[in-house]
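Enquirer: Sequence and computational prediction follow.
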Amino acid sequence: MSNDIERELRAALRPVDPGERFAERVLARIAHDPTHSTRAPRLRRPAAASYRWWGAGLAAMVVLAVVAVHDIHVRRMEQGIEARRQLLEALRLTNEKLDIAYRAINANDRHATAQKSGA
């Protein structure tokens, strides 16, 4: 059974020579067909309303670009302010630690000097 289907498919799909005058017949049909035109289609000029929409779209894109640039600028300023705050905090902590170290060194020097003079 599968051989019969295969044979039928091969017979139906085999190449067939259309004949010597095939191209002439196709061109003659095209020439007489009223729905077929060989001219390029005319492009319609857009109405004034479409220009308004184009302008509105362009304006919207410009507004979005300005808002995006402003948003980036604001974020960078906020990041800069946060970085400044962190730097000031780090400097404050460093100052405290250096102050503690300075006091410890001076306390040791006074203690050593007191021991030398008292001894």
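Expert: Perfect, I can see it now.
Enquirer: Show me which residues of the strand or helix carrying D4 are buried.
Expert: For D4, the enclosing helix or strand under DSSP states H and E is helix 2-13. Residues of helix 2-13 include none that count as buried (16 or more other C-beta atoms under 10 Å). For glycine as for every other residue, the C-beta is placed from the backbone atoms N, C-alpha and C.
Enquirer: Past it, which element shows up next along the chain?
Expert: Remark: after helix 2-13, the chain's next helix or strand is helix 22-32, criterion DSSP H and E.
Enquirer: immediately after that next one, which helix or strand?
Expert: Next along from helix 22-32, by DSSP H and E: helix 48-118.
Enquirer: Could you give the average pLDDT over that following helix?
Expert: Model confidence over helix 48-118, given as mean pLDDT, is 89.
Enquirer: what's the spacing between it and its chain's center?
Expert: 29 Å (C-alpha atoms, centre = their mean, to the nearest Å).
Enquirer: And that helix, what does it pack against?
Expert: Judged by 3 or more C-beta pairs under 8 Å, 6 or more residues apart in numbering; DSSP states H and E, helix 48-118 is in contact with no other helix or strand.
Enquirer: What's the mean pLDDT across the helix holding D4?
Expert: Mean predicted lDDT for helix 2-13 stands at 84.
Enquirer: ok, residues contacting it?
Expert: The list of residues contacting helix 2-13 from outside it, by C-beta atoms under 8 Å, 6 or more residues apart in numbering, is empty.
Enquirer: Only C-alpha atoms, please: export it in CSV.
Expert: Output in CSV follows, covering the C-alpha atoms of helix 2-13 (Å, rounded to 0.1, in the frame of the first residue of the first chain):
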residue,chain,number,x,y,z
SER,A,2,2.8,2.5,0.9
ASN,A,3,4.4,1.7,-2.5
ASP,A,4,1.2,2.7,-4.3
ILE,A,5,1.0,6.1,-2.5
GLU,A,6,4.7,6.7,-3.2
ARG,A,7,4.2,5.8,-6.9
GLU,A,8,1.2,8.2,-7.1
LEU,A,9,3.1,11.0,-5.4
ARG,A,10,6.1,10.6,-7.7
ALA,A,11,3.8,10.6,-10.8
ALA,A,12,1.9,13.7,-9.5
LEU,A,13,5.1,15.6,-8.6
